[in-house]
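Asker: sequence first, predicted model second:
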Protein chains: 2
Amino acid sequence: MGKLKKMKVHIADDHQILIDGIKAVLKTESDIEVDGCSVNGEEVLEWFKTHKTDVLILDINMPKIDGIKVLQRLKKRDFQPLVIVLSSYDDIKLVKEVMKIGAKGFLAKKCAGEHIAEAIKTVYNGGQYFSESIQDKIVTSFSGVDQSKIGNQDGAFFSSLTEREKEILTMIAQEYSTREISEQLFITINTVETHRKNLIKKLKVKNAVGLAVYAHKNQLI
Amino acid sequence: MGKLKKMKVHIADDHQILIDGIKAVLKTESDIEVDGCSVNGEEVLEWFKTHKTDVLILDINMPKIDGIKVLQRLKKRDFQPLVIVLSSYDDIKLVKEVMKIGAKGFLAKKCAGEHIAEAIKTVYNGGQYFSESIQDKIVTSFSGVDQSKIGNQDGAFFSSLTEREKEILTMIAQEYSTREISEQLFITINTVETHRKNLIKKLKVKNAVGLAVYAHKNQLI
DNA sequence: AACCGTCTAACGGTTTTCCGTGATATTTAA
DNA sequence: TTAAATATCACGGAAAACCGTTAGACGGTT
């Protein structure tokens, strides 16, 4: 194609080793340039205050501010990069949620590295990209999706948790009792219980066991 | 240096994208050759039945058979590769555990990609390698570690469970309440509670949350 | 027959979780 | 500077989990 301008890409993932890996993979692509990297959501938001990088490869599970929240906040700004979400957990509900918030692509981490460049080029040219493992699921489930209301309760399965909630979730999943948590965090039992209640509601689970399983599935422990 | 023989490396991680990344990073190393890859523990064990690859980069969180188990089983065989454990969770307890079972190195996923080659070369030459984030912790906590008993009751817990207990454990981990379990299995609540009590004692956990995490770690759900 | 492991069951009491609801201060985003 | 999100705390009541202990029934072993 002989483009004059290289596509600029920003990579966000809390695993530096993965970032370096993707960078190495993309090095062979002459029309792609890795412009910057972030290891947490805060850094991503900071970066896009001063840069207009074309494509953002965005991991969901990140410290400080997770991918979902980053996506939501970027949406409200003037400049928005094309976002390809990266996740180890290729659940269709998650895919739907991030697409609603405006992501242009979804890559499961279990997909082959060669697809990254493919995905970047596709979304750069106005398309959408999904890794194979979820392509067929989407066709059947994306018919009749209400594109309006964003971040509402029905997609809230994966809606982002606050830092405090994650902290408490992690402790619950490590078998700490409410009392123990309250003592360690220097807050009252009442507060911890409120957080637990909110967690159960947000994650749509039944009890602390559900929270623990969620935490484990999402590598929070 | 001019080695005639390249160091052969096998990479095991459930995220293909990370494998491809590491491969790309290692491509610049003239004396390292990636010999094969696995995306789950089963594949790793299968590979080492027929290959004598020098170094194994082993992820902990993998489907089917997790990294710890792979390590334990490899230990019982004639040929043992040098193992560098890869984990997103750089907890000192985990480090100690895998080193006890015979790992030669530990890389946190948040470390820089350039350290992989470094780690491989170090263990290949008989050394041990730890990523920076944990180096200092080790010095202070490795004094007086009992190097004896390996593959002890930690892994034997599971086999000591009866069929009924496993059945109930699975249900607890799926958020069923005691009442629901009793109804589904046509036994009284008292009986289910007795089983739960026995499970907690056998698996040395504190509560149902611990049971759920255990069940999840052992792929019972 | 005596023994062991498993599954079943019961009981009383304590602790913890769960649920709804409402409220206030602080921080942060627009 | 509003408005929204977040973190904090309270209370009352219902439900469930947790704890220790005991014990009958059944099947298989030695």
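Answerer: The structure has been received and is ready for your questions.
Asker: which SSE is immediately downstream of the helix or strand of chain A at the bottom of the mean pLDDT ranking?
Answerer: The least trusted helix or strand in chain A, going by mean pLDDT, DSSP states H and E, turns out to be helix A:132-141, with a mean of 58. Counting by DSSP states H and E, the next helix or strand C-terminal to helix A:132-141 is helix A:163-173.
Asker: identify each buried residue in the helix or strand where residue A:35 lies, please.
Answerer: Using DSSP H and E, residue A:35 sits within strand A:32-38. By neighbour count on 16 or more other Cβ atoms under 10 Å in any protein chain shown, the buried set for strand A:32-38 is A:32, A:34-38. (Glycine included, C-beta is placed from N, CA and C.)
Asker: which of those residues sits closest to residue A:101?
Answerer: Among the buried residues of strand A:32-38, residue A:38 lies closest to residue A:101 (Cβ to Cβ), at 18.3 Å.
Asker: tell me who's in contact with the residue nearest to residue A:84 when sequence neighbours are not counted.
Answerer: Counting by Cβ to Cβ, 6 or more residues apart in numbering or on different chains, residue A:84 lies nearest to residue A:105, which is 3.8 Å off, once chain neighbours are set aside. Taking Cβ atoms under 8 Å, 6 or more residues apart in numbering or on different chains, we find residue A:105 in contact with A:82-85, A:119, A:122-123, A:128-130.
Asker: list the helices and strands the helix or strand hosting residue A:195 packs on?
Answerer: Residue A:195 is part of helix A:189-202 when elements are defined by DSSP H and E. Applying 3 or more Cβ pairs under 8 Å, 6 or more residues apart in numbering or on different chains; DSSP states H and E, we find helix A:189-202 packed against helix A:163-173, helix A:178-185, helix A:208-217.
Asker: how does it look with 7 Å?
Answerer: helix A:163-173, helix A:178-185 (3 or more Cβ pairs under 7 Å, 6 or more residues apart in numbering or on different chains; DSSP states H and E).
Asker: how close does the closest residue in space to residue A:191 that isn't next to it in sequence get to residue A:50?
Answerer: Take residue A:191 and drop its neighbours on the chain: the residue closest to it by Cβ to Cβ, 6+ apart is residue A:182, 7.0 Å away. Taking Cβ to Cβ, to the nearest Å as the measure, residue A:182 falls 41 Å from residue A:50.
Asker: again, but for residue A:163
Answerer: Between residue A:163 and residue A:50 the computed distance is 24 Å (Cβ to Cβ).
Asker: looking at the two, which is more packed in?
Answerer: Per other Cβ atoms under 10 Å in any protein chain shown, whichever of residue A:163 and residue A:50 has more neighbours is residue A:163, with 12 against 6.
Asker: and chain A, what are its domain boundaries?
Answerer: Here the domain assignment for chain A is A:7-141, A:161-217, based on automatic domain parsing.
Asker: which among the ones you listed is found nearest to residue B:42?
Answerer: For residue B:42, the closest of those is domain A:7-141, at 15.2 Å, according to Cβ to Cβ.
Asker: mind checking if that closest one is in reach of DNA strand C?
Answerer: Yes: judged by Cβ under 7 Å from any atom of the strand, domain A:7-141 comes into contact with DNA strand C at A:73, A:76.
Asker: write out the residues of chain A neighbouring chain B.
Answerer: Contact residues, chain A versus chain B (Cβ under 7 Å from any Cβ of the partner chain): A:14-18, A:20-22, A:24-25, A:39, A:88, A:109-114, A:172-173, A:175, A:205-210, A:212-213, A:216, A:219.
Asker: how about the contacts made by the closest residue to residue A:67 other than its chain neighbours?
Answerer: Of all residues not flanking residue A:67 in the chain, residue A:60 sits nearest, at 3.9 Å (Cβ to Cβ, 6+ apart). If you count contacts by Cβ atoms under 7 Å, 6 or more residues apart in numbering or on different chains, residue A:60 has them with A:66-68, A:85, A:87.
Asker: which of those residues fall in helices?
Answerer: Within the contacts of residue A:60, residues falling in helices by DSSP state H are A:67-68.
Asker: out of the contacts of residue A:60, which are buried?
Answerer: If you count burial by 16+ other Cβ under 10 Å, the buried members of the contacts of residue A:60 come out as A:66-68, A:85, A:87.
Asker: ok, the strand holding residue A:35: who's next to it in the sheet?
Answerer: Partners of strand A:32-38 in the sheet, by DSSP bridges, are strand A:7-12 (parallel).
Asker: could you look up the SS state of the residue of chain A found nearest chain B?
Answerer: For chain A, the residue closest to chain B is residue A:21, as judged by Cβ to the nearest Cβ, at 1.5 Å. Following DSSP: H, G, I helix; E, B strand; the rest coil, the label given to residue A:21 is helix.
Asker: that one touches residue B:27, doesn't it?
Answerer: No: using Cβ atoms under 7 Å, residue A:21 is not in contact with residue B:27; the gap is 10.9 Å.
Asker: contacts with DNA strand D among the buried ones among the contacts of residue A:60, please.
Answerer: Among the buried ones among the contacts of residue A:60, no residue is within reach of DNA strand D (Cβ under 7 Å from any atom of the strand).
Asker: I'd like those as TSV, with pLDDT and distance to residue A:99 appended.
Answerer: As requested, the buried ones among the contacts of residue A:60 are exported to TSV (pLDDT from 0 to 100; distance: Cβ to Cβ, whole Å):
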residue	pLDDT	distance to residue A:99
A:66	76	17
A:67	83	13
A:68	81	12
A:85	90	9
A:87	84	12
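Asker: just the residues you listed now: which is nearest residue A:199?
Answerer: Relative to residue A:199, the closest of those is residue A:66; by Cβ to Cβ it sits at 14.5 Å.
Asker: now do the residue positioned nearest the centre of chain A against residue A:205, distance only.
Answerer: The residue lying closest to the centre of chain A (Cα atoms, centre = their mean) is residue A:60, at 2.0 Å. Distance of residue A:60 to residue A:205, given as Cβ to Cβ: 18 Å.
Asker: now do residue A:124
Answerer: Counting by Cβ to Cβ, the gap from residue A:124 to residue A:205 is 38 Å.
Asker: okay, those two: which has more neighbours?
Answerer: Comparing residue A:124 with residue A:205 by other Cβ under 10 Å, the one with more neighbours is residue A:124, at 20 against 17.
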